[in-house]
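[1] Kindly return the folded structure for what I paste below:
(one chain, ligands or ions: 2)
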Amino acid sequence: MPHDFPMTDPRLAALSQTLPGLRLLTDAADLEHYGRDWTRRWTPAPLAIALPASVEEVQAIVRWANDEGVAIVPSGGRTGLSGGAVAANGELVLSLQRMNKVLGFDAVDRLLTVQAGIALEAVHNAAKEHGLVYPVDFAARGSCSIGGNIATNAGGIRVIRYGNTREWVAGLKVVSGNGELLELNRGLVKNSSGYDLRHLMVASEGTLGIVVEATLKLTDPPPPTNVMLLALPSFDALMQVFAEVRSRLRLEAFEFFIDRALHHTTAHGAQNPFDEIHPYYVVAEFANQGEPDEAAVLAAFEHCVEQGWVSDGVISQSEAQAAQLWRLREGITESLAPHVPYKNDVSVRISAMPAFLAETHALLAGEYPQFDVVWFGHIGDGNLHINVLKPADMAQQDFVRECERVTKLLSGALLRHGGSISAEHGIGLVKKPYLSSTRSDAEIAAMRGIKQALDPNGILNPGKLFDP
Ligand code: 2HG
Ligand code: ZN
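    Ligands and ions are numbered 1, 2, ... in the order given. Next up is the predicted model:
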């Protein structure tokens, strides 16, 4: 339904004149809702929200934005944690939420083509209808969109087996910063014809183009699985257990968290099967196709207990119990949200993890003695999430200032250990000041040049990733 209110801003009047059928929102509640993501740090202040229903409308909006000098913030499910989808400076939020359909499935190619606004969970369901899976998965599956997943190269809980979003993108349709429609790779398996602009779009955080359609690879469903929760005495034990179970079992996931995470998820309704408190926990999902797998799990478990690496453990006996165990890990972000956490999402090579961790542990224990610091993440990918919780009596600004001071120190450790300041959440606004701990000046200059080529007037998500 087209808008039925007068457009007082002349730029919006021009937009609705160009596209009379375009749905535009300007209510205060909508500006607030669409102008923020899960970071909750910036005050939303978009000009308006556009909800295009077709690629042509997206192109026309981009052309209008160039003519009028209006910045565009491409917007999916806004579950991002780095401020990549924040609109706080009079931008037009271009929400893909109405472009959320499955467009086609090809059984020979095993490719699913979708509009970018479709939720990750809807992609899972569509794949399932064809007896296949789209294996990228994480807790925000119900509300995040595939376009947003592509814009951040989202990882999640199954990267250890299936890799990041990038691995599953066979083709993209993208509207560039000057309104051209680019059809990238078209589902080809082999294509050695120059720069792969498809991969350039992955993790570009809406700064190079607006992803409007994606052609995704699907794969065979995994074998039946079980989930186990392990309690461990130390981080060293965690690394040992990871090496051990990886060599003995077919792992689908291997996730860790500390007791402070368990404290928050159980306060939020998850069930803790253990009577005692342990410093570290692992949720691991592994293939269980019968007798030999069961024997292998038992042997691995016994070995880890004998070595003193595991203090306690449970293995799921039903799907419901598996879901309960997963809730202890997947419920962490939501359970921490009321504490307005400052989030770190860092990675190093797995081999560098013990040294990086020793340094980071010492650093954070020294710098944050008064804060509740919650460690969890995807240890098998070398990816740690460190959430620092805001004390209730501390002003948000003071808290962020303090965390930013420590993040500067952390980024120094990352530089020394060859890591990344953003493993899977993106740079957005939150990590922009630390980009140079991960990318060299020459790389950043090249990124600026690429942006200039694809978005010459700098209208796409300006100020995200790096400053113009
Ligand atoms: C996860 O692994 C997500 O659960 C969110 O990447 C991490 O909340 C976070 O810091
Ligand atoms: Zn994560």
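
[2] how about stretch 175-183: buried residues?
    Buried residues in stretch 175-183, counted by 16 or more other C-beta atoms under 10 Å: Val175, Ser176, Gly177, Asn178, Gly179, Leu181, Leu182. (Each C-beta comes from the backbone N, C-alpha and C, glycine too.)

[3] Isn't the fifth one up against Asn66?
    Yes: in this structure, Gly179 is within contact of Asn66 by C-beta atoms under 8 Å, at 6.9 Å.

[4] Tell me the span between the first and last residue of stretch 103-120.
    Stretch 103-120 has its terminal residues 15 Å apart, counting by C-alpha to C-alpha, to the nearest Å.

[5] Same check on stretch 119-137?
    First residue to last in stretch 119-137 (C-alpha to C-alpha) measures 11 Å.

[6] before we move on, what about stretch 8-26?
    In stretch 8-26, first residue to last residue: 10 Å (C-alpha to C-alpha).

[7] Okay, buried residues for that stretch please.
    For stretch 8-26, a neighbour-count test (16+ other C-beta under 10 Å) marks Arg11, Leu12, Leu15, Ser16, Leu19, Leu22, Arg23, Leu24, Leu25, Thr26 as buried.

[8] contacts with ligand 1 among these, please.
    Residues of these in contact with ligand 1 (C-beta under 6 Å from any ligand atom): none.

[9] Next, check those residues against the strands and list the overlap.
    Residues of those located in strands (DSSP state E): Arg23, Leu24, Leu25.

[10] Spell out which parts of the stretch 201-350 of the chain neighbour ligand 1.
    Neighbours of ligand 1 within the stretch 201-350 of the chain, by C-beta under 6 Å from any ligand atom: Ile332, Thr333, Lys343.

[11] number of nearby residues for the first one?
    Spelled out, that is Ile332. 26 (other C-beta atoms under 10 Å).

[12] what about it, distance to Phe376?
    Note on Ile332: its distance to Phe376, by C-beta to C-beta, to the nearest Å, is 5 Å.

[13] hey, what's in contact with both of the two?
    When contacts are counted by C-beta atoms under 8 Å, 6 or more residues apart in numbering, Ile332 and Phe376 are jointly contacted by Phe257, Ala261, Asn387.

[14] Tell me which entries of these lie within strands.
    Phe257, Asn387.

[15] and of the shared contacts of Ile332 and Phe376, the nearest to Ile146?
    For the shared contacts of Ile332 and Phe376, the residue nearest Ile146 by C-beta to C-beta is Asn387; the value is 25.6 Å.

[16] tell me the secondary structure for Ala442?
    Secondary structure state of Ala442, per DSSP: H, G, I helix; E, B strand; the rest coil, is helix.

[17] How about Glu330, nearest residue that isn't a chain neighbour?
    Using C-beta to C-beta, 6 or more residues apart in numbering and skipping the chain neighbours, the partner closest in space to Glu330 is Ala139 (4.2 Å).

[18] State the distance from that neighbour to ligand 1.
    Separation of Ala139 from ligand 1 (C-beta to the nearest ligand atom, to the nearest Å): 5 Å.

[19] pretty sure that residue is touching Leu336, no?
    No: when contacts are counted by C-beta under 8 Å, Ala139 is not listed as touching Leu336 (11.9 Å).

[20] Looking at the two, which one has more neighbours?
    Set side by side, Ala139 and Leu336 show more neighbours around Leu336, with 23 against 18, by other C-beta under 10 Å.
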